[in-house]
Every structure is written in C-alpha cells, then in structure tokens.
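A.B. asks: model the following, please.
(4 chains)
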Protein chains: 2
Amino acid sequence: MPTARRSPLTRERVLRAAVRLADKHGLDALSMRRLAATLKVEAMSLYNHVANKDDILDGIVDLIIGEITLPTPGGDWKAAMRTRATSAHTVLLAHPWAALLIVSRMNVGPNMFRYIEATISTLRQAGLSWAHTDRAWNAMDSYIYGFTVQLQNFPVEPDEYASAAAGFLPMLPAAQYPVLHEMTTLVANGTHDGTHDFSFGLELILDGLDRMVARPRS
Amino acid sequence: MPTARRSPLTRERVLRAAVRLADKHGLDALSMRRLAATLKVEAMSLYNHVANKDDILDGIVDLIIGEITLPTPGGDWKAAMRTRATSAHTVLLAHPWAALLIVSRMNVGPNMFRYIEATISTLRQAGLSWAHTDRAWNAMDSYIYGFTVQLQNFPVEPDEYASAAAGFLPMLPAAQYPVLHEMTTLVANGTHDGTHDFSFGLELILDGLDRMVARPRS
DNA sequence: AGGGTATACGTACGCTGTAAATATCAGGTT
DNA sequence: AACCTGATATTTACAGCGTACGTATACCCT
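C.D. replies: Numbers count the residues shown, from 1 in each chain, chains lettered A, B, ... in the order given. Purely as a prediction, here's the structure:
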C-alpha cells in the first residue's frame, strides 16, 4: 500500500477544523477530544501540531481576523474606518465565538498585526497625532467588540425579540420600573423595534473624530 | 453546646464568598469545591442555597452591578451619563472578572433592572425618542464594556506597558509593519504614553448625543 | 538493511459540575 | 422525654475536561 494512507495532520488542518467545529456547535463544543474526532484521530495526536489548547484558540482567532477587509490608507479615512468596522462586525457575527475570545485574551498573530497596521496607518495619514491615533483606534475597537458581544446575547429576528420582551414583562412591574416596563411593552407589541443598530454609535464616534481631524487640539 | 455551631449558609453568604474568591484568585478559581472550602463546607452543600453554578454567576454579576452609582434623571443628563459610565468602569475594574461575565450572558437581576431603569429614564427625560434612547443606551454600554474588557488584557502601569511594548518589538519588523513598529517603539521608550483613556471615546459619544438632543431628527 | 525521526496512539492524573443516596440535626408535637 | 419531620450537610459516583508521559507505528535517508 502506497503512502498517503490518509492526508497527514497539519497545524492548518487542525485550526480549520477547529473553526468549523466552533462555528457549528459553539466554543464549548471545541474540546481536544471532539476536535480530534472530526479529524478521525485521537486527542493526543493534535499535540504534534499545536502546542496546547490555548495555541488553538490563538490560531483560530488569527485565522478569522484574516477575513476582515482591511482599510486602505491614504484615501477617505472616514469611509475606510467605516468599512473596516462594518466588516469586522460582520465577520464576528459569522463566527459567534470569536468576539468573546478576542476580548478575553491578548491576540498576537500575523493577521492581527496586519489589521492593526492598516488601521493605525490610515488614522495617521488622516492627520491624527500618535496619541489621537491610539485613542481613536481604541475607541472604535471598544465599540466594535462591545457592541458585537452584547448583540450576541439577544435574539436577532425582530419577532423573536418581541416575544422575548413579552417574556420579560412579568419581571418588570410598572410600579418599580416604569420606563423600562413601558419600553419593553413597546418592543413586545412591535411598536418600537428594539433591534440594535451598529452604525448609530459608530457614526457618533466617526463624526467626533472628524471634528478632531478638522481642528486638531494636540 | 448551644445552637449556632456555625453560622448557617445562605444564598447571600455564598454569593459574597464567590465574589471574594473571584476578586482574589480570578474567575477560573471559582469552582464549586473551592468556593465551598472557603465556607468550610462541602461542594454539594452549596446546592441547598443556589440552583447551580450559573445561578452563582448570575448572582455575583447582579451583586456588583449594585455597586454602580445610578444616574439621576431630570437634571443634567450628560453629567449623569458621564457619572454612570465612569462608575461602571471603575466597578468593573475593581472586579476584573465581571465585565467578561456580563457581556457573555443575559443578565436579569433586580440591580441590573434598577440600573437600566435609571439610565433609560434619564435619557428619556433628556428628550430622546424611544429609538434614540435605546440606541444611545446601547452605544454607551457597548463602549463601556468593550473598553473595560480590552483594557484588562493590557498592563496597567505605564512602565509595565513600555516594557511589554519592548517585548513585542521583535515580532514587528519595520519593513512589514512600519507604523505599528514606530508606534510600539514610541511606547517602548516612553515617548508616547500608550495608556488607554476611557473618557476619550466616552466624550465622543456624549457629544454626539448632545447634538442629537439639540436637534432631534426622529 | 538499519537507524533516526516524525507522527499517532493509549493510558493515566487531577480537575470540573452535579445527580443520587445517605447522614446529621434542630424544632415541634405528643 | 420520645418521636417525627423537614431542612441541611455529606458521601459517593459519573462523565467530561486538558494534557503529561510512555509506547507503537511508519516514513526518509544513508
């Protein structure tokens, strides 16, 4: 029997399988044993290609960071930042495990570095100081990750949202929480579509930065 | 020997011990066995007072949410929102496990409800529509949680930050990441204090909302 | 043909949350 | 004083986790 009895394991194959598993069954389902099973291999074999589970988590984070469209420096910085933020948001929603993983660890991988480089060089070219670049970058990322991660705890479809709101109502007596009760009622009966709006806060931040570019302070 | 051989376990005592344990040794150290040990009790005894571990996590989140200073509706809404955000940020830093826990689950407890009620009623009294209240609240919270959670992956002290940056430099060849390399260098040698600034992004958002209050669009 | 090396496997350890059965004990009733 | 009852604490057990360690297999190179 010739070689290639089976395609050999590689770090790449392990990471891609990990992404697939996490995408399909959630991050909790990503255990070494289950991951190995999807590759028709025993758990310990994975350790020939990755250092440990943390290495896998680092790896899959960097893999999907690579899916984000990079902003291109030199042109319309505001449009570039908008594109970047929206793309990041979209990618993070496509891999629901990713946002939490990113914010709960320090991420150092080639794709992450490329992503940061593209972002801060765009801000620099827009005329921001180092300090402002740093803070603008941080403010945008805080919003992107914070928004995405919050969104993932909520029903996505408007009607699911409405019925979820209806479910909460009994916990929210009008006497104790008048405003919250009223708002929840409006969502429950469809009067107010409580759907979260990513661009709202994003534009607040971008507009604020815009004024800063126009009249820099420091 | 009289009664009171030992003070009896209560849900309250369990939760407070859980907060103390997580504060001191991190969320990973918060296991049922270790928590029980700090109360001089066996793990299974805890289940007489809490439903399961998730119940504990829900409980400690709501406990520390209660530490946040509530905004007071009716006055200067911007100042109230600033106070609220800063207090939340401070509380979350004092309990480093909290931010991640909050954003990774749906939180329904009396303190959380009170906190939300105070926030959205302040926004309503400022003249925002339901839709704008919802979005403003969401934008601020996204920023607060996102910023805090990101901050916690970084060294807090400026000199630690500088030496951490120095440690990263070898991973960031100037040819490949010119801007990131330069920025990291500036941080490493103390020229640019990369310390994150919570108020920067917060004020961008508040100013944006301010303009919205002045000339409401919808 | 033989040795070296890379890769895969099997076993085992200490940890996790918690179900189920058992033990302990305080308070109220007879 | 004796008994019962209900709440609380303990014990035991199970399946799953990450991974250290030792062994087996299969390939390449000389």
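A.B. asks: show me what the lengthiest helix in chain A is packed against.
C.D. replies: Longest helix of chain A, by residue count under DSSP state H: helix A:130-151. Here helix A:130-151 touches helix A:77-94, helix A:98-103, helix A:110-125, helix A:198-214, helix B:98-103, helix B:130-151, helix B:178-188, helix B:198-214, going by 3 or more C-beta pairs under 8 Å, 6 or more residues apart in numbering or on different chains; DSSP states H and E. Quick note: C-beta positions are derived from backbone N, CA and C, even for glycine.
A.B. asks: now the angle from the last one to helix A:130-151?
C.D. replies: Pointing back at helix B:198-214 there. Interaxial angle of helix B:198-214 relative to helix A:130-151 (axes from the mean of the first three to the mean of the last three C-alpha atoms, to 10 degrees): 70 degrees.
A.B. asks: same question, the third one
C.D. replies: With the same axes, to 10 degrees as the basis, helix A:110-125 and helix A:130-151 are set at 130 degrees to each other.
A.B. asks: okay, the longest helix of chain A in PDB with CA atoms only?
C.D. replies: Only the C-alpha atoms of helix A:130-151 are listed here, as PDB (Å, rounded to 0.1, in the frame of the first residue of the first chain):
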ATOM      1  CA  TRP A 130       0.100  59.400  17.800                       C
ATOM      2  CA  ALA A 131      -2.000  60.000  20.900                       C
ATOM      3  CA  HIS A 132      -5.100  60.500  19.000                       C
ATOM      4  CA  THR A 133      -4.500  57.600  16.700                       C
ATOM      5  CA  ASP A 134      -4.100  55.400  19.700                       C
ATOM      6  CA  ARG A 135      -7.200  56.600  21.300                       C
ATOM      7  CA  ALA A 136      -9.300  56.600  18.200                       C
ATOM      8  CA  TRP A 137      -8.300  53.100  17.400                       C
ATOM      9  CA  ASN A 138      -9.100  52.000  20.900                       C
ATOM     10  CA  ALA A 139     -12.400  53.800  20.900                       C
ATOM     11  CA  MET A 140     -13.500  52.200  17.700                       C
ATOM     12  CA  ASP A 141     -12.400  48.700  18.700                       C
ATOM     13  CA  SER A 142     -14.100  49.100  22.100                       C
ATOM     14  CA  TYR A 143     -17.300  49.900  20.400                       C
ATOM     15  CA  ILE A 144     -17.000  47.200  17.800                       C
ATOM     16  CA  TYR A 145     -16.200  44.400  20.200                       C
ATOM     17  CA  GLY A 146     -18.600  45.700  22.900                       C
ATOM     18  CA  PHE A 147     -21.500  46.100  20.500                       C
ATOM     19  CA  THR A 148     -21.000  42.700  18.800                       C
ATOM     20  CA  VAL A 149     -20.600  40.800  22.100                       C
ATOM     21  CA  GLN A 150     -23.700  42.400  23.500                       C
ATOM     22  CA  LEU A 151     -25.700  41.800  20.400                       C
END
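A.B. asks: now do that helix and helix B:178-188, the angle between them.
C.D. replies: 100 degrees.
A.B. asks: quick check: the residue of chain A nearest chain B.
C.D. replies: Here chain A gets closest to chain B at one residue, A:G146, 2.4 Å apart by C-beta to the nearest C-beta.
A.B. asks: from B:A99, how far off is the closest residue to that residue other than its chain neighbours?
C.D. replies: Closest residue in space to A:G146, ignoring its immediate chain neighbours: B:G146 at 2.4 Å, by C-beta to C-beta, 6 or more residues apart in numbering or on different chains. Counting by C-beta to C-beta, to the nearest Å, the gap from B:G146 to B:A99 is 9 Å.
A.B. asks: count of neighbours near the residue of chain A closest to chain B?
C.D. replies: When neighbours are counted by other C-beta atoms under 10 Å in any protein chain shown, A:G146 registers 28.
A.B. asks: so it touches B:N138, yeah?
C.D. replies: No - the pair A:G146 and B:N138 fails to qualify as a contact (C-beta atoms under 8 Å) at a distance of 9.4 Å.
A.B. asks: which residues does the closest residue to A:G127 other than its chain neighbours contact?
C.D. replies: Counting by C-beta to C-beta, 6+ apart, A:G127 lies nearest to A:V213, which is 5.5 Å off, once chain neighbours are set aside. Contact partners of A:V213, counting by C-beta atoms under 8 Å, 6 or more residues apart in numbering or on different chains, are A:77, A:126-128.
A.B. asks: so what's A:L92 up against?
C.D. replies: A:L92 neighbours (C-beta under 8 Å, 6+ apart): A:98-99, A:102, A:144-145, A:148.
A.B. asks: any figure for the gap between it and A:V103?
C.D. replies: 10 Å.
A.B. asks: between those two, which contacts overlap?
C.D. replies: A:Y145.
A.B. asks: distance check, A:Y143 against B:P110.
C.D. replies: 28 Å.
A.B. asks: of these two, who's got more company?
C.D. replies: A:Y143 (27 against 13).
A.B. asks: touching, that one and A:S199? I think so.
C.D. replies: No - counting by C-beta under 8 Å, A:Y143 does not reach A:S199; the two are 10.9 Å apart.
A.B. asks: residues of chain A that sit close to DNA strand C?
C.D. replies: Within chain A, the positions near DNA strand C by C-beta under 7 Å from any atom of the strand are A:8-9, A:36, A:41-45, A:47-49.
A.B. asks: what's the farthest-apart pair in the residues you listed?
C.D. replies: Using C-beta to C-beta, the pair of the residues of chain A next to DNA strand C lying farthest apart is A:P8 and A:A43, separated by 17.1 Å.
A.B. asks: looking at those two now, which is surrounded by more residues?
C.D. replies: A:A43 (13 against 10).
A.B. asks: residue contacts, that one?
C.D. replies: A:32-33, A:35-36.
A.B. asks: swap in 7 Å and give it another go.
C.D. replies: A:32-33, A:36 (C-beta atoms under 7 Å, 6 or more residues apart in numbering or on different chains).
A.B. asks: so where's chain A shaky on pLDDT?
C.D. replies: A:1-8, A:216-218 (pLDDT under 70).
A.B. asks: so which residues make contact with the helix or strand hosting A:I60?
C.D. replies: Here A:I60, judged by DSSP states H and E, is contained in helix A:53-65. With contact meaning C-beta under 7 Å, 6+ apart, helix A:53-65 is reached by A:14-15, A:18-19, A:22, A:32, A:50, A:91, A:95, A:98, A:101-102, A:107, A:109-112, A:115.
A.B. asks: give the ChimeraX command for selecting the buried subset of those.
C.D. replies: To isolate the buried ones among the contacts of helix A:53-65 in ChimeraX, judged by 16 or more other C-beta atoms under 10 Å in any protein chain shown, type:
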select /A:14,15,18,19,22,32,50,91,95,98,101,102,107,109,111,112,115
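A.B. asks: which ones, among the contacts of helix A:53-65, also lie beside DNA strand D?
C.D. replies: Okay, of the contacts of helix A:53-65 touching DNA strand D (C-beta under 7 Å from any atom of the strand), that's A:M32.
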